[in-house]
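> A structural model of the following input is requested.
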Amino acid sequence: MAWFRKPKKPLTSSDKRDLPSDVFVKCDGCGEILYREKLAQGGYVCPHCAHHFRISADAYIRLLLDDDSFQETESELTSADPLEFTDLKPYVDRLVAARKKTGRADAIRTGRATLEEIPVALGVMDFAFIGGSMGSVVGEKIARLGRLALEEGRPLILVSASGGARMMEGIYSLMQMAKTSAVLARLHEAGLPFVSILTHPTTGGVTASFAMLGDVNLVEPGALVGFAGPRVIEETIRQELPDGFQRAEFLLEHGMVDQVVDRRELRATTARLLRHMNGGPRE
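This is a model prediction of the structure:
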């Protein structure tokens, strides 16, 4: 009978299969353990609770645009250090580290493309680059993108993900709020649509300028959108804030945004809006 029995023996390290550490990821919304590849196929939206994971600027470009249609502009434009700023370390060192980490020159990618065959001008902020902060380069690239939209008659789409103005550039970063708002006013006068897509988080000077100036403001579910953070506000007014304060659903309820849109529906929703606003060929 021993022939039909498999003797038990303890597992050794050589018997265990090594799995890469990034095969599975834990959902911050519901705590479920998710297979990363399947999560990626679903736009990094949890299939159990619909929690929206933060994704890269490149991922938004793939999500929104027609395949191979994105033609990047101003990709080599880089920030200087006009104030010779140093906090825990010099600003120039932070810039070098951010460029090495992201492979990008600054915190936004801009270009011309098509979305369901509609010609558009698109800018997507990259939170991985110093928290998506808006310095001189971000503001200048948005301004140039707006001028490109004006010259070529393209609707403008901006995807925001930012901690606000870049403090290391001081007044130079704050000036970008006026610069970006001015070019959006020109788009409005020309009758060209501007769709603003707010993702988690969109705060500070970005919220106080171009991010909330869309002809239509769309926001992903659960995204934090505001000027100052909830903790700062509570400490200032010495009052407890309501549940969900500054989250997407709270903003919709109080008329601050036009629609909360699941990431998997962003492409179709944006195309439908652009067609409605005569930004492209009708279906």
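> contacts and neighbour counts: CA atoms only from here.
Noted.
> Which parts of this structure are helices?
36-41, 57-64, 91-102, 136-152, 171-190, 204-207, 230-237, 248-253, 266-276 (DSSP state H).
> what sits up against the longest one?
For helix 171-190, contacts defined as Cα atoms under 8 Å, 6 or more residues apart in numbering pick out 134-136, 138-140, 142-143, 146-147, 149-150, 165-167, 193-194, 205-206, 208-210, 213.
> Apply the buried test to those and list what passes.
The neighbour-count test (16 or more other Cα atoms under 10 Å) marks 134-136, 138-140, 142-143, 146-147, 149-150, 165-166, 193-194, 205-206, 208-210, 213 as buried among these.
> What separation is there between Pro230 and Gln246?
8 Å (Cα to Cα, to the nearest Å).
> If you could redo that for Val92, that was the one I meant.
According to Cα to Cα, Val92 and Gln246 sit 33 Å apart.
> Have a look at the two and say which one is more surrounded.
Between Val92 and Gln246, Gln246 has the larger neighbour count (other Cα atoms under 10 Å), namely 22 against 16.
> got a pLDDT number for that one?
pLDDT recorded at Gln246 is 94.
> Kindly confirm whether my reading is correct that it touches Gly226.
Yes - look at Gln246 against Gly226 with Cα atoms under 8 Å: they come within range, at 5.8 Å.
> what is Ile118 paired to in the beta sheet?
Following DSSP bridges, Ile118 is listed with bridge partners Leu115.
> what about it, how many neighbours?
19.
> Could you shift the numbering so residue one becomes 309, and keep it that way?
Noted, 309 is the first residue going forward, which turns the last one into Ile426.
> Identify the residues contacting stretch 396-405?
Applying Cα under 8 Å, 6+ apart, the set of residues contacting stretch 396-405 is 387-389, 392-393, 438, 476.
> what's the span of stretch 492-507, first residue to last?
Terminal residues of stretch 492-507 are spaced 20 Å apart (Cα to Cα).
> C-alpha coordinates for the lowest-mean-pLDDT helix or strand in the chain, PDB please?
Counting by mean pLDDT, DSSP states H and E, the chain has its least confident helix or strand at helix 538-545, which shows a mean of 90. Listed next in PDB are the C-alpha coordinates belonging to helix 538-545 (Å, rounded to 0.1, in the frame of the first residue of the first chain):
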ATOM      1  CA  PRO A 538      -9.400  69.500   4.800                       C
ATOM      2  CA  ARG A 539      -7.000  69.500   7.700                       C
ATOM      3  CA  VAL A 540      -5.800  73.000   7.100                       C
ATOM      4  CA  ILE A 541      -9.400  74.200   6.800                       C
ATOM      5  CA  GLU A 542     -10.500  72.500  10.000                       C
ATOM      6  CA  GLU A 543      -7.500  74.100  11.900                       C
ATOM      7  CA  THR A 544      -8.400  77.500  10.500                       C
ATOM      8  CA  ILE A 545     -12.100  77.600  11.100                       C
END
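> before we move on, the earlier item: please pick the buried ones from the contacts of stretch 396-405.
Neighbour-count burial (16+ other Cα under 10 Å) is assigned, among the contacts of stretch 396-405, to 387, 438, 476.
> before we move on, the earlier item: how about the helices of the chain, which one is nearest Met433?
helix 365-372 (6.1 Å; Cα to Cα).
> okay, the angle between the closest one and helix 574-584?
Computed by axes from the mean of the first three to the mean of the last three Cα atoms, to 10 degrees, the angle separating helix 365-372 from helix 574-584 equals 60 degrees.
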